[in-house]
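A.B. asks: Build me a model:
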Amino acid sequence: MTNAVQQEPRASFDAWGPWALLAVGVVAAAISAPLTGMDGPGKIVSAALVPAGVVLQLYWGRVKRKQPGPSRTGVCLFLLRWAIAFVLTWANPFFAFYAVTGYYTAARELPRRLVMPGLLLTAVTMAGSEIGGWPPHGLILWIGFFLVLAVNMGMVTVFTRYALQEQTRAVVQADTIAELERTNTALQQALDENAALHAQLLVQAREAGVADERRRLAAEIHDTIAQGLTGIIAQLQVVANAPDLTTARTHLERASALARHSLGEARRSVHNLAPVALAADGLPEALKKTVGEWGERVGVRAEFTVTGTAEQLHDEVSATLLRIAQEALSNASRHARASRVGVTLSFMGDEVTLDIRDDGTGFDPAAVPPRTRTGGFGLDGMRARAERIAGSLTIESEPGHGTALSARVPLVRDDR
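C.D. replies: Down below sits the predicted model:
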């Protein structure tokens, strides 16, 4: 019953998801046509292929009702949809909204041996869109294309393997639990009621663990990979408009470093390891390095200060405060348009406080709508991280007067 409930949203999205993504791509391409330089041939191609995509999707729905699993017809339809999406993205990069359909359908539409090639084809289309569209012009954009393609495939590989491992583990666990329940029923008829209650508790515990792991991975993806990709795209945009080769090479090196860092963080997130910055240094050193690198990358004056007597903190406390600082700095660069940011780490008896202040545009905290999805990112994600270790997060801001964020958590020392 649980699997059926979990599959209903997925099946629903399989039905309307490609239509929605195609519609978003069409609207985005139409709006951006004057900006992307979409010429007459591009418009003609789009006008021909969009209806072809609609017809393909209608036919695909009919095929899936008869053959729900992978099949030769499904492989041909997947390749045909990829080809349509690739040509549309060539005509206008915003058709990548439609191309991303390949990421979540490859594992179900293709035989297992063809899943990674299918994901690679999708990644090629997405990477071309992320560097500004097909074809890349000049050596620098080709280098950028292969860099972005490598990052996309690295993340797809890591999380595809993780998903397959989790799926296999869940099947094994379900089979084991079912076998235990059958054995208990056969051997202890008198304890049927207790056995049913025990099985229910096991299922609830497993579901709670899976939900907690999903929330953890979602927060890690937002705090590491998404921010890393944002930085890479920003650096590549500078490369595209660089006045000379030296400047372009500098920003390409930064983009490459961000890509390696993001890939490392992705691998560590999958295995639930501490952030890379904490692997060799304590929290004060990791924060100092993070603040300095962020200020240099975004061109904002950033200062870091430690008050009180620094102590070696528990890994979970250090990782929580570091992630909160990274998210706060990311928000400052994306939204605040600040010229100065100050970060202070204070050791105060049995508490540790992290304060981040900026002189940016500010906002009205009461006007920010709460996220309705469990876990959340951004402000909700930072607050959830602090509360997970019995801490709290407060925000003071008003339009035109900057923002001050303070995270207070218990001082838990490293017991090693």
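A.B. asks: Hmm, Pro70 and Arg108 touching each other?
C.D. replies: Yes - between Arg108 and Pro70 there is a contact at 7.3 Å, judged by C-beta atoms under 8 Å. Where you see a C-beta, it was placed from the backbone N, CA and C, and this is true even at glycine.
A.B. asks: Helices of the stretch 1-150 of the chain, start to end?
C.D. replies: 2-36, 40-66, 72-91, 96-99, 101-109, 112-130, 139-187 (DSSP state H, counting those that start in this stretch).
A.B. asks: Tell me which of those is the most buried.
C.D. replies: Most buried of those, by mean neighbour count (mean count of other C-beta atoms under 10 Å): helix 96-99, with a mean of 25.
A.B. asks: Report all helices and strands that that helix contacts.
C.D. replies: In terms of contacts (3 or more C-beta pairs under 8 Å, 6 or more residues apart in numbering; DSSP states H and E), helix 96-99 is packed against helix 2-36, helix 72-91, helix 112-130.
A.B. asks: weakest of the ones you listed in terms of mean pLDDT?
C.D. replies: Mean pLDDT is lowest for helix 2-36 among the helices and strands packed on helix 96-99, at a mean of 66.
A.B. asks: Asp414 is in contact with Asp315, isn't it?
C.D. replies: Yes - if you go by C-beta under 8 Å, Asp414 and Asp315 touch, sitting 7.1 Å apart.
A.B. asks: coming back round to it: need the helices of the stretch 1-150 of the chain in JSON lines (columns: distance to Thr247).
C.D. replies: Shown next, in JSON lines, are the helices of the stretch 1-150 of the chain (distance: least, C-beta to C-beta, whole Å):
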{"stretch": "helix 2-36", "distance to Thr247": "24"}
{"stretch": "helix 40-66", "distance to Thr247": "31"}
{"stretch": "helix 72-91", "distance to Thr247": "28"}
{"stretch": "helix 96-99", "distance to Thr247": "27"}
{"stretch": "helix 101-109", "distance to Thr247": "33"}
{"stretch": "helix 112-130", "distance to Thr247": "21"}
{"stretch": "helix 139-187", "distance to Thr247": "11"}
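A.B. asks: which of Asp414 and Asp315 has more neighbours?
C.D. replies: When Asp414 and Asp315 are compared for neighbours, Asp315 comes out ahead with 17 against 12, by other C-beta atoms under 10 Å.
A.B. asks: Quick one, grab the pLDDT at Val317.
C.D. replies: 90.
A.B. asks: Provide a list of residues in contact with it.
C.D. replies: Val317 is in contact with Leu283, Val352, Ile389, Val409, Pro410, Leu411, Val412, counting by C-beta atoms under 8 Å, 6 or more residues apart in numbering.
A.B. asks: just checking, next helix/strand downstream of the one helix or strand it maps to?
C.D. replies: Under the criterion of DSSP states H and E, Val317 resides in helix 315-331. Remark: after helix 315-331, the chain's next helix or strand is strand 340-348, criterion DSSP H and E.
A.B. asks: Contacts made by that following strand with the rest, please.
C.D. replies: 283-284, 287, 291, 295, 300-311, 321, 325, 329, 332, 352-359, 411.
A.B. asks: Any figure for the gap between Gln173 and Leu180?
C.D. replies: Distance, Gln173 to Leu180, using C-beta to C-beta, to the nearest Å: 11 Å.
A.B. asks: Kindly report the same for Glu327.
C.D. replies: On the measure of C-beta to C-beta, Glu327 and Leu180 end up 42 Å apart.
A.B. asks: Please apply the same query to Ser346.
C.D. replies: 51 Å.
A.B. asks: same check, this time on Ala384
C.D. replies: Ala384 is 34 Å from Leu180, by C-beta to C-beta.
A.B. asks: for Leu354, same thing?
C.D. replies: 46 Å.
A.B. asks: likewise Asp315?
C.D. replies: 35 Å.
A.B. asks: can you list the domains in this protein?
C.D. replies: Domain segmentation of the chain under automatic domain parsing yields 2-135, 159-270, 280-410.
A.B. asks: Could you find the closest non-adjacent residue to Ala390?
C.D. replies: Sequence neighbours aside, Pro410 is the residue nearest to Ala390 in space, at 5.6 Å (criterion: C-beta to C-beta, 6 or more residues apart in numbering).
A.B. asks: next one: phi and psi at the one you found?
C.D. replies: Reported as degrees, to the nearest 10, the phi and psi values for Pro410 are phi -60, psi 140.
A.B. asks: do the same with Ser406
C.D. replies: phi -130, psi 120.
A.B. asks: same thing with Leu393?
C.D. replies: phi -130, psi 130.
A.B. asks: Buried among the contacts of strand 340-348? Need that as a selection in ChimeraX.
C.D. replies: Entered in ChimeraX, the line below selects the buried ones among these, by 16 or more other C-beta atoms under 10 Å:
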select :283,284,287,291,295,300,302,304,306,321,325,329,332,352,353,354,355,356,357,358,359,411
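A.B. asks: Please flag which of the contacts of strand 340-348 sit within strands.
C.D. replies: 301-307, 352-358 (DSSP state E).
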